[in-house]
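1. Everything below, folded, please.
(one chain, ligands or ions: 1)
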Amino acid sequence: MPTLETKVDGLTLPNPFVIGSGPPGTNAKVIGKAFDEGWGAVISKTISLDASKVVNVAPRYARMRAEQSREVIGWENIELISDRPFETWLDEFREIKAAYPDRVLIASIMEEYRKDAWVEIIERTQETGIDAFELNFSCPHGLPERRMGSAMGQDPDLLEEVCGWVCGASRVPVWAKMTPNITHIVDPGRSALRAGCNGLSAINTILSVMGIDLETLRPEPTVEGYSVPGGYSCKAVRPIALRMVMELATMMFGGGSGAPISDDGEPPLKGEFVDRSLSAIGGVESGEDAAQFILLGAHTVQVCTGVMIHGYKLASTLCEGLLAFMEKHGFETLDDFRGHSLRYFTTHAELVRRQAEVKAAEKAEKAGMVTKDTAWEGDRFVEQSDRLVSND
Ligand SMILES: Cc1cc2nc3c(=O)[nH]c(=O)nc-3n(C[C@H](O)[C@H](O)[C@H](O)COP(=O)(O)O)c2cc1C
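-> Numbers count the residues shown, from 1 in each chain. Now for the predicted structure:
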């Protein structure tokens, strides 16, 4: 029987499924519910020192549905980080750790570009007994106006400086959450790891405009007739998340990208941070979705919008689906297949070379030419030899 238990950055999780930062981890009540339903770990909604600066609006979500089935496939939000006081959060972190001492609780944090603010939030939060930090360098709306969130995540030098402050103060593992709203996600990823972060999380939401109401001619979600671009999540973002996780994993752990794949399956590119961890996020709603991220190198898989659509019981569906995949392939642990598919990415030129090689072999075979020693036959030996002569 395969096991889903996994160890990441010294933390033991009963399974790799983690509640991603957002409404599903927004207070002690719902975090407790997530643990009761079997989630492997919970990341809180992002918190900051001064919640009075955070003012949300309503409505703040807009959804995209498939035309036929009406299934929700895309989700936009213009929600900010938590508007609950920092002191309340500290009390609730203590409360949750007292009730669930063996479960992994990760605090998502965000601050302005000031060393004293980052050091203060780290020091005061870690006193509560939380198990790790996730640094939100990726919220794409609202906070960038204060040079927070993705404004920090889009600047690798700034990010490296802030991660350095955090790693200097933190006594628990630190993950840096990357924004997808950037051309080369590997650049800030490398900066965060160089500064000492234990792992990366990717992706946060993709900056988007959900649509324009053709009756009112106003953009959605509409607040008093106006809107702002928001963050896109759910199923529709999964292919983009898979690509970005693949790029980060190739940089961290090595892979096939950019060079011919060797016959013994060894990745030709050496990883730059093979001892760090990767937490994948984006459009996961099934164990099969999660398996794909793990095949691309992820240690854990986060879910946010999926929980808002299906509820906390999704954890058991995810575990069942992933176990069924492992049983089918004979994998006993997540390590047995983590990163396996990275070796199959290469350059387009290499795809062309491989295809030409196969076509040439097929052509030679059609012309009756021996292309492999096993093809020689005793009865046709002389004829086969003749066909291989080029100038008679
Ligand atoms: C309504 C909503 C609120 C979110 N709030 C946060 C947040 O406070 N901090 C954060 O790091 N990410 C936040 N996210 C982003 C998610 O954690 C996740 O990175 C993203 O939605 C992609 O994953 P998903 O498709 O599973 O939702 C939020 C997402 C949604 C939909």
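
2. Surely residue 110 is in contact with residue 81?
-> Yes. Assessed by C-beta atoms under 8 Å, residue 110 is found in contact with residue 81 at 5.7 Å. Glycine gets a C-beta too; all of them are placed from N, C-alpha and C.

3. And those two? Which one has more around it.
-> residue 110 (27 against 24; other C-beta atoms under 10 Å).

4. Any idea what the nearest residue to the more buried one once chain neighbours are set aside is bridged to?
-> Of all residues beyond its chain neighbours, the one nearest residue 110 is residue 136 (4.2 Å), with distances taken as C-beta to C-beta, 6 or more residues apart in numbering. Bridge pairing for residue 136 (DSSP bridges) gives the partners residue 177.

5. residue contacts, residue 136?
-> 21, 46, 81, 108-110, 149, 177, 204 (C-beta atoms under 8 Å, 6 or more residues apart in numbering).

6. One more pass at 6 Å, please.
-> If you count contacts by C-beta atoms under 6 Å, 6 or more residues apart in numbering, residue 136 has them with 46, 108, 110, 177.

7. Now tell me what touches stretch 221-239 from outside.
-> With contacts defined as C-beta under 6 Å, 6+ apart, stretch 221-239 is touched by 57, 59-60, 62, 73-78, 140-141, 205-209, 218-219, 282-283, 305.

8. immediately after the strand or helix carrying residue 365, which helix or strand?
-> Element membership for residue 365 (DSSP states H and E) is helix 348-366. Next in sequence after helix 348-366, counting helices and strands by DSSP H and E, comes helix 381-387.

9. what's the distance between that following helix and the middle of its chain?
-> Centroid separation between helix 381-387 and its chain, computed with C-alpha atoms, centre = their mean, to the nearest Å, is 57 Å.

10. Return the set of buried residues in the strand or helix carrying residue 246.
-> According to DSSP H and E, residue 246 maps onto helix 238-253. In terms of neighbour count (16 or more other C-beta atoms under 10 Å), helix 238-253 has its buried residues at 238, 241-253.

11. Tabulate those in TSV, adding columns for distance to the ligand and pLDDT.
-> Listed next are the buried residues of helix 238-253 as TSV, based on distance: C-beta to the nearest ligand atom, whole Å; pLDDT from 0 to 100:
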residue	distance to the ligand	pLDDT
238	7	98
241	7	98
242	12	98
243	14	98
244	11	98
245	12	98
246	16	96
247	17	96
248	14	97
249	17	96
250	21	94
251	20	95
252	19	96
253	21	94
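
12. before we move on, the earlier item: show the buried residues in the contacts of stretch 221-239.
-> Buried among the contacts of stretch 221-239 by 16+ other C-beta under 10 Å: 60, 62, 73-78, 140-141, 205-208, 219, 282-283, 305.

13. out of these, who's near the ligand?
-> 75, 77, 205, 282-283, 305 (C-beta under 6 Å from any ligand atom).

14. Just the ones of these in strands?
-> Secondary structure from DSSP state E places 75, 77 of those in strands.

15. Can you pull the residues of this structure lying near the ligand?
-> So the chain meets the ligand at 20-23, 45-46, 75, 77, 79, 81, 108, 136, 139, 177, 204-205, 233-234, 237, 281-284, 303-306 (C-beta under 6 Å from any ligand atom).

16. Now do the residue lying closest to residue 278 once chain neighbours are set aside: how many residues are near it, please.
-> Of all residues not flanking residue 278 in the chain, residue 298 sits nearest, at 5.1 Å (C-beta to C-beta, 6+ apart). Using other C-beta under 10 Å, residue 298 is surrounded by 29 other residues.

17. residues contacting residue 291?
-> Contacts of residue 291 (C-beta under 6 Å, 6+ apart): 322, 325.

18. again, only this time at 8 Å
-> Per C-beta under 8 Å, 6+ apart, neighbours of residue 291: 321-322, 325-326, 337.

19. Out of these, who's the most crowded?
-> Going by other C-beta under 10 Å, residue 322 tops the contacts of residue 291 with 25 neighbours.

20. Give me the distance between that one and the ligand.
-> Distance, residue 322 to the ligand, by C-beta to the nearest ligand atom, to the nearest Å: 16 Å.

21. mind listing the helices in this structure by residue range?
-> With DSSP state H, the ranges of helices along the chain come out as 28-36, 86-99, 115-126, 150-153, 156-169, 186-194, 238-253, 287-295, 305-310, 314-329, 348-366, 381-387.

22. who wins for proximity to residue 67 among the ones you listed?
-> Between residue 67 and the helices of the chain, the shortest gap by C-beta to C-beta is with helix 305-310, which sits at 17.7 Å.

23. worst-scoring helix or strand of the chain, pLDDT-wise?
-> Counting by mean pLDDT, DSSP states H and E, the chain has its least confident helix or strand at strand 269-270, which shows a mean of 80.

24. Show me what that one is packed up against.
-> The contact analysis (3 or more C-beta pairs under 8 Å, 6 or more residues apart in numbering; DSSP states H and E) places strand 269-270 against strand 254-255.

25. hang on, the earlier thing: for the helices of the chain, which one ends up most surrounded?
-> Highest mean neighbour count of those: helix 150-153, a mean of 26 (counted as mean count of other C-beta atoms under 10 Å).

26. so how far is the ligand from residue 121?
-> 14 Å.

27. Return the residues in contact with that residue.
-> Residues in contact with residue 121 (C-beta under 8 Å, 6+ apart) are 47-49, 86, 109, 111.

28. Kindly recompute the last result at 7 Å.
-> 49, 109, 111 (C-beta atoms under 7 Å, 6 or more residues apart in numbering).
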